[in-house]
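In: Structural data only, the sequence is not supplied:
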């Protein structure tokens with residue numbers, strides 16, 4: 001009996017929304033942050049409203065999977081925002097995303113915070 005590959009894998013969904021929230025630029029991500037979605041994520045993280053913001057928060061509470069390419073993009077964005085005098089942080093719950101950032105040694109660097 002053969003199993004079709006698309007029967008095992010559902011469609012990979014990724015969404016990103018950028019909004020102003022009380023003077024901070026909030027980047028809300030949902031779905032899977034993997035190699036397939038990194039191009040779209042990169043485009044979002046280099047938007048002028050993100051790069052030129054005084055405060056940038058990336059919300060990962062809706063992310064189901066976080067791969068190393070996505071983590072690399074967060075580190076790069078964090079560096080660019082901070083070099084221009086801004087503040088950068090990541091919001092995520094006590095889930096796989098947080099554990100992955102802990103293992104990578106990035107909790108302090110990315111200023112990972114719990115959702116409010």
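Out: Thanks, I have it. Small disclaimer: the values here were computed from a predicted structure and weren't measured.
In: tally of neighbours for the closest residue to residue 64 other than its chain neighbours?
Out: Leaving aside its sequence neighbours, residue 64 sits nearest to residue 32 (Cβ to Cβ, 6 or more residues apart in numbering; 5.8 Å). Every C-beta, even on glycine, is put in place using the N, C-alpha and C of the backbone. Burial of residue 32 is recorded as 17 neighbouring residues (other Cβ atoms under 10 Å).
In: check which helix or strand covers residue 32.
Out: Taking DSSP states H and E as the criterion, residue 32 maps to strand 24-33.
In: which strands and helices sit next to that strand?
Out: Other helices and strands packing on strand 24-33, by 3 or more Cβ pairs under 8 Å, 6 or more residues apart in numbering; DSSP states H and E, are strand 14-21, helix 38-45, helix 48-51, strand 55-66.
In: looking at these, which is buried most?
Out: Counting by mean count of other Cβ atoms under 10 Å, strand 55-66 has the highest mean neighbour count of the helices and strands packed on strand 24-33, with a mean of 19.
In: Run the angle between it and strand 24-33 for me.
Out: 10 degrees (axes from the mean of the first three to the mean of the last three Cα atoms, to 10 degrees).
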